[in-house]
Structure formats: C-alpha cells, structure tokens
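>>> Take a look and give me a structure for this.
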Amino acid sequence: MSIEQMQALWHVLFPKNAIPTKEQFAIWLLRFDEHTVRQAIARAAIKYDRLRGDMSDEFLQKYTSAQMSRLSEDREAA
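A predicted model of the protein is given here:
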C-alpha cells in the first residue's frame with residue numbers, strides 16, 4: 001500500500017480530521033512494518049467510532065503512533 005493510498009484510507013476513516021503528511025506516514029513506515037501501521041490505524045478507527053469522531057488531529061495521530069508501538073512490542077514479546 002502506498003503512502004497516498006494510506007492517506008486516502010485515513011481520509012475515509014477520519015473524515016473530520018486532517019490527513020497526516022506524507023512525511024509522517026514515511027516516518028511510521030520507517031519505524032514499523034506496513035502491517036503494524038495498518039493495524040494501528042484500524043485500532044484508531046475503532047476508538048474514533050466509539051468517541052463519535054471527537055478526537056483532535058494531534059490526539060488521533062499520537063494515539064495511532066502509540067498503537068504502533070504497542071503492536072510492535074507485543075510481537076517482539078511473543
């Protein structure tokens with residue numbers, strides 16, 4: 001999945017929020033594999049839905065990053 005496709009997916013999942021920059025997606029993909037990035041975005045989408053979209057851009061991106069770290073740590077521990 002390309003960065004542009006991930007940005008398009010972000011826009012669909014989080015229509016009220018700004019789309020992270022290409023640079024932000026590139027950083028995520030340098031730190032984590034694509035599966036982890038996509039899984040973290042999915043977890044963020046679930047939380048976003050529970051909160052009815054009441055998440056600031058900054059909180060949403062930080063939450064997504066935190067999920068990537070958790071998923072990566074869980075895989076390393078397994």
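>>> May I see the buried residues of the helix or strand where Lys62 lies?
Here Lys62 sits within helix 57-77, counting by DSSP states H and E. Residues Leu60, Gln61, Tyr63, Thr64, Ser65, Gln67, Met68, Leu71, Ser72 are the ones in helix 57-77 that count as buried (16 or more other Cβ atoms under 10 Å). Glycine gets a C-beta too; all of them are placed from N, C-alpha and C.
>>> got it, and stretch 47-60?
Tyr48, Met55, Leu60.
>>> Show me which helix or strand of this structure is least confident by mean pLDDT.
Least confident helix or strand, the chain: helix 57-77 with a mean of 94, by mean pLDDT, DSSP states H and E.
>>> what's the first-to-last distance across stretch 46-58?
Using Cα to Cα, to the nearest Å, one end of stretch 46-58 lies 17 Å from the other.
>>> what's the distance between it and the middle of its chain?
12 Å (Cα atoms, centre = their mean, to the nearest Å).
>>> Kindly indicate which of the buried residues of stretch 47-60 lies nearest Thr36.
Leu60 (17.1 Å; Cβ to Cβ).
>>> who touches the residue nearest to that closest one when sequence neighbours are not counted in this structure?
Once flanking residues are discounted, Leu60 sits nearest to Asn17: 5.5 Å by Cβ to Cβ, 6 or more residues apart in numbering. Listed by Cβ atoms under 8 Å, 6 or more residues apart in numbering, the contact set of Asn17 reads Trp10, Gly53, Met55, Ser56, Asp57, Leu60.
>>> how close does the fifth one sit to Leu9?
Distance of Asp57 to Leu9, computed by Cβ to Cβ, to the nearest Å: 16 Å.
>>> The residue nearest the centre of the chain: helix or strand, and which one exactly?
Nearest to the mean C-alpha position of the chain, by Cα atoms, centre = their mean, lies Ile41 at 3.3 Å. According to DSSP H and E, Ile41 maps onto helix 34-50.
>>> What of Met55?
Using DSSP H and E, no helix or strand contains Met55.
>>> and it, what does it touch?
Phe14, Asn17, Lys47, Tyr48, Tyr63.
>>> so who does the nearest residue to the last one once chain neighbours are set aside touch?
In other words, Tyr63. Leaving out its chain neighbours, the residue that sits closest to Tyr63 by Cβ to Cβ, 6+ apart is Ala44, at 5.5 Å. For Ala44, the contact set (Cβ under 8 Å, 6+ apart) comprises Leu13, Phe14, Leu60, Tyr63, Thr64, Gln67.
>>> Perfect, that will be all.
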